[in-house]
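> sequence-free structure coming up:
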Ligand SMILES: [Zn+2]
């Protein structure tokens, strides 16, 4: 099943912007795409765009790249393809600067495992990222993070938090904090307040541990979605139905979930990979937002590794985001913000 879905994803991704097939798909799928908490009575009203809608561009910053066949190589299986850290960051920063908006780089500490020439390239890129105005968060991928393993002195065999005790998670986060401070500086470490578990693999017993280790925002939830039931990447947000931000159970950590939408019977993540539906989904959420009393954050998820080919050339993800930002940036009442700005907006509204 996973293989078929992956093939469909690549097929959709490869469709060229101007092809007739893409136009037909867009037209036919319009009624089938719905916000995951769609309300039928809202659907037919006219757009007014009065209430502010906030867009958050989150980039999981990790190893990997896109091959010439448009196949995506991920950190989970290829922790040592560091292109995602230097070329990937480079292509995203270029795009965001072009539009004058701030992104959120959810950084995996695997970046500190690079050696030799690659180490220099990664360090240079991280330095320029720190000098820019973008926000940095932490992205935990235990299994593919050799830097964490080195500090902890043991092999981390699983991706999802489900397989680790709260104490083990605490140790991992302490190691991560140590690395961030050691490599990026005390001040930067203090400013890293947002978190995302790799592959959405956050479970309840880890909530308090996040808080204990200085994270005040989490964005691991993807409402309505679950997956990898029989491997180490298991995640399950199928019963989590809140698309609006709210504190994680028993903590003050604000959950700002990744935006999801329904397509047939599938829950998909708001991701430039699904470019035929991105504008449709966005417009539907824009309309729905008008009827919500609380602030809504349209959280897009992508990866640094998806933004680059092996040689650094920028991929279709970047051109999709270019078009998307071009469009939403001009919309009245739409602003592109960071997780920490979202946190402030949420608590001001409380
Ligand atoms: Zn990841």
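Looks like it came in fine. What you see is a predicted model, and the numbers here were worked out from it, not measured in a lab.
> Sort out which residues of stretch 86-96 are buried, please.
86-93, 95-96 (16 or more other Cβ atoms under 10 Å). Heads up, the C-betas are built off the backbone N, CA and C, glycines and all.
> near the ion at all, it?
No. Against the ion, stretch 86-96 shows no contacts by Cβ under 5 Å from the ion, the least distance being 11.8 Å.
> interface residues of the stretch 101-250 of the chain facing the ion?
residue 198.
> And for the closest residue to the ion within the stretch 101-250 of the chain, the neighbour number?
Of all residues in the stretch 101-250 of the chain, residue 198 sits closest to the ion, at 4.1 Å by Cβ to the ion. If you count neighbours by other Cβ atoms under 10 Å, residue 198 ends up with 27.
> buried residues in the helix or strand where residue 276 lies?
Using DSSP states H and E, residue 276 maps to helix 275-289. Residues of helix 275-289 classed as buried under the neighbour-count rule (16+ other Cβ under 10 Å) are 275-278, 280-282, 284-289.
> ok, back up a step: wait, the residue of the stretch 101-250 of the chain closest to the ion sits on residue 108?
Yes. The criterion here is Cβ atoms under 8 Å, and residue 198 meets it with residue 108 at 7.2 Å.
> which neighbours do the two share?
60, 62, 75, 139-141, 144 (Cβ atoms under 8 Å, 6 or more residues apart in numbering).
> of those, closest to residue 260?
residue 60 (15.9 Å; Cβ to Cβ).
> If I follow the layout properly, that closest one ends up in contact with residue 195?
No. Here residue 60 does not reach residue 195: they are 11.5 Å apart, not a contact under Cβ under 8 Å.
> what do the two both touch?
In contact with both residue 60 and residue 195: 106, 139, using Cβ under 8 Å, 6+ apart.
> in the protein, which helix or strand is least confident?
helix 40-43 (a mean of 50; mean pLDDT, DSSP states H and E).
> mind listing what residue 271 touches?
300-302.
> Look up the closest residue to the residue of the stretch 101-250 of the chain closest to the ion, ignoring the ones flanking it.
Closest residue to residue 198 apart from its sequence neighbours, by Cβ to Cβ, 6 or more residues apart in numbering: residue 141 at 3.5 Å.
> which residue does the stretch 251-350 of the chain bring closest to the ion?
For the stretch 251-350 of the chain, Cβ to the ion, closest residue to the ion: residue 303, 6.5 Å.
> Sheet partners, orientation included, of the longest strand belonging to the chain?
Criterion DSSP state E: the longest strand present in the chain is strand 53-61. Strand 53-61 has the following strand partners under DSSP bridges: strand 104-107 (parallel), strand 297-303 (parallel), strand 334-337 (parallel).
> where are the low-confidence patches of this structure?
1-5, 16-18, 36-49 (pLDDT under 70).
> Can you show me the helices along it?
Applying DSSP state H to the chain gives helices spanning 2-14, 20-29, 40-43, 83, 89-99, 116-131, 146-152, 166-184, 186-191, 207-212, 275-289, 316-329, 339-349.
> Would you reformat the ones you listed as CSV and include distance to residue 221?
Formatted as CSV, those follow (distance: least, Cβ to Cβ, whole Å):
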stretch, distance to residue 221
helix 2-14, 21
helix 20-29, 25
helix 40-43, 23
helix 83, 29
helix 89-99, 23
helix 116-131, 25
helix 146-152, 23
helix 166-184, 17
helix 186-191, 23
helix 207-212, 11
helix 275-289, 16
helix 316-329, 22
helix 339-349, 13
